[in-house]
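Colleague: no sequence for this one, just the structure:
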């Protein structure tokens, strides 16, 4: 996504029935005006877009998930989509190429317009027509056409089987917009939004966005506050100061690792009146190798680095244990996760095996290597983490590694042009399925831009898993894929993140907003009157 941006419950084998036919089983509520106190939240993320056809970043999806409805949504703590604007959805005819949804009756947008199947069709057609480079159109490459045979029925025709389609439309990419309020062939650029979600966007500016509870919302969410204000901060230091002083009720995304650790200690000591809430996350960081590079392109060099990487030391010293070591490309908590890199290369530096890998590749002397990073794309600890990796390589006596850090734009250009031999890539999933940790990296048009291709992965394993509605039945195929990646080493998994929010005492519900679905649910947060 988005999701190459920065900063748990596992999917069960019984997912087959849920994805084949998703039917409503909960009770819809009308949000009215909400209840409880309004909540102020701070973040260093920016809302890049208020139009769902453009935004593909964490800040924008934070807005989309709270202002717009999708046909399906992820329930709190869950990874299986359930009905939201839809009454029911399911694949037709026993295959994964035709997906049919029936809308709930009586849905309206916040401006009073009725929400019908025409709006759903319009929303998906619009994303594909505009095809904004910063938008989610890439997620719907397999979508051929959308039909709206009547006011409550929507039929999606796919070019090829895609059992993950329900998860894709349950994400921010599936946001439904009013066809009468958005142009069909261009983005809406006035900073306003018309949706049918839990909240309305009252105002949006460079310093803050203000949200009110949408009284016409019809869906499963039960609102625990009377409104939200999202304040944007320039960096970790002012965000920490704001939550410590009571300038914000909640700080989410953007606190430095040392700040989280310090605030956690303060919370335990009952200082500052704050609490640290930890949740699961499927955010990951990889070290990526350009296989066309004269140094990184040698398998022996990549294997040597894999033998020398000390993930435990890195997450302890750089990330203050706010992340976990990751030993495969599919993270823990996601179907099919294994520990292929642990099995193949171990969990601590092995210089002798690294030296042997270099000898077998015909590499003599210290290996000159430049590791590339950017300070403002994948989190405040990125450059420090890459420097730690370089230090680990140099300590072995086998490498002469240096680190180069450049601004995001230059970094992206360097990756795309093939200028960089070794670089980092952060990833926050669009949806909690192994497909989203493999297809974007190892399928056609890889977001890694590292010139790696495996016929076994692209020709058999990915198509095989895409055609399997029972996601639990894909475990063996995804484990085979991870074993191939560990053998070929086009990337080395480094860490899997945790989600943290820091809140003032008297704020509750954050545990229902921090899970591997990556959906931050404003409506779950409540605040006592004396907080």
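Modeller: Happy to help now that I have it. On a predicted model such as this, the values are computed, not experimentally measured, just so you know.

Colleague: ok, which stretches of the stretch 401-531 of the chain are strands?
Modeller: If DSSP state E, counting those that start in this stretch is used as the criterion, the strands of the stretch 401-531 of the chain fall at 422-427, 491-497, 499-504, 507-508, 526-527.

Colleague: worst mean pLDDT among those strands?
Modeller: The weakest mean pLDDT among the strands of the stretch 401-531 of the chain belongs to strand 499-504, with a mean of 91.

Colleague: partner strands of that one, with direction?
Modeller: Strand partners for strand 499-504, identified by DSSP bridges, are recorded as strand 250-252 (antiparallel), strand 274-279 (antiparallel).

Colleague: from the chain's centroid, how far away is the next helix or strand after the longest one?
Modeller: Next in sequence after strand 274-279, counting helices and strands by DSSP states H and E, comes strand 284-289. Average the C-alpha atoms of strand 284-289, do the same for its chain, and the two points are 15 Å apart (CA atoms, centre = their mean, to the nearest Å).

Colleague: run through the neighbouring helices and strands of the next helix or strand after strand 284-289.
Modeller: The C-terminal neighbour of strand 284-289 among helices and strands, as given by DSSP H and E, is helix 299-308. On a contact count with 3 or more CB pairs under 8 Å, 6 or more residues apart in numbering; DSSP states H and E, helix 299-308 meets helix 340-345, helix 351-360, strand 367-373, helix 382-395, strand 399-405, strand 491-497. Backbone N, C-alpha and C define where each C-beta goes, glycine included.

Colleague: winner for burial among these?
Modeller: Burial among these, expressed as mean neighbours by mean count of other CB atoms under 10 Å, is greatest for strand 491-497, which shows a mean of 24.

Colleague: quick one: it to chain centroid distance?
Modeller: Averaging C-alpha positions (CA atoms, centre = their mean) puts strand 491-497 14 Å from its chain's average.

Colleague: so which of the strands paired with strand 499-504 is the most packed in?
Modeller: Comparing the strands paired with strand 499-504 by mean neighbour count (mean count of other CB under 10 Å), strand 250-252 ranks first with a mean of 27.

Colleague: give the rounded mean pLDDT of the host helix or strand of residue 89.
Modeller: With secondary structure defined by DSSP H and E, residue 89 is part of strand 86-91. The predicted model gives strand 86-91 an average pLDDT of 95.

Colleague: before we move on, what about stretch 173-185?
Modeller: Per-residue pLDDT values over stretch 173-185 give a mean of 97.

Colleague: residue 104 and residue 72: what is the separation?
Modeller: Between residue 104 and residue 72 the distance, using CB to CB, to the nearest Å, works out to 12 Å.

Colleague: give me the more crowded residue out of the two.
Modeller: Per other CB atoms under 10 Å, whichever of residue 104 and residue 72 has more neighbours is residue 72, with 23 against 19.

Colleague: show me the beta-bridge partners of the more buried one.
Modeller: Listed by DSSP bridges, the beta-bridge partners for residue 72 are residue 83.

Colleague: please list all residues in contact with it.
Modeller: 22, 81-84, 86, 89, 166, 169-170, 174 (CB atoms under 8 Å, 6 or more residues apart in numbering).

Colleague: cutoff 6 Å now
Modeller: 81, 84, 166, 169-170 (CB atoms under 6 Å, 6 or more residues apart in numbering).

Colleague: so what pLDDT did it get?
Modeller: Per-residue pLDDT puts residue 72 at 97.

Colleague: burial of residue 112, as a residue count?
Modeller: What residue 112 shows, counting by other CB under 10 Å, is a neighbour count of 9.

Colleague: can you give me how far the very next helix or strand once past the strand holding residue 89 is from the chain middle?
Modeller: Beyond strand 86-91 in the direction of the C-terminus, DSSP H and E gives the next helix or strand as strand 98-103. Its chain's average C-alpha position is 25 Å from that of strand 98-103, according to CA atoms, centre = their mean.

Colleague: what angle do strand 98-103 and strand 86-91 make?
Modeller: Between strand 98-103 and strand 86-91, the angle formed by their directions is 170 degrees, by axes from the mean of the first three to the mean of the last three CA atoms, to 10 degrees.
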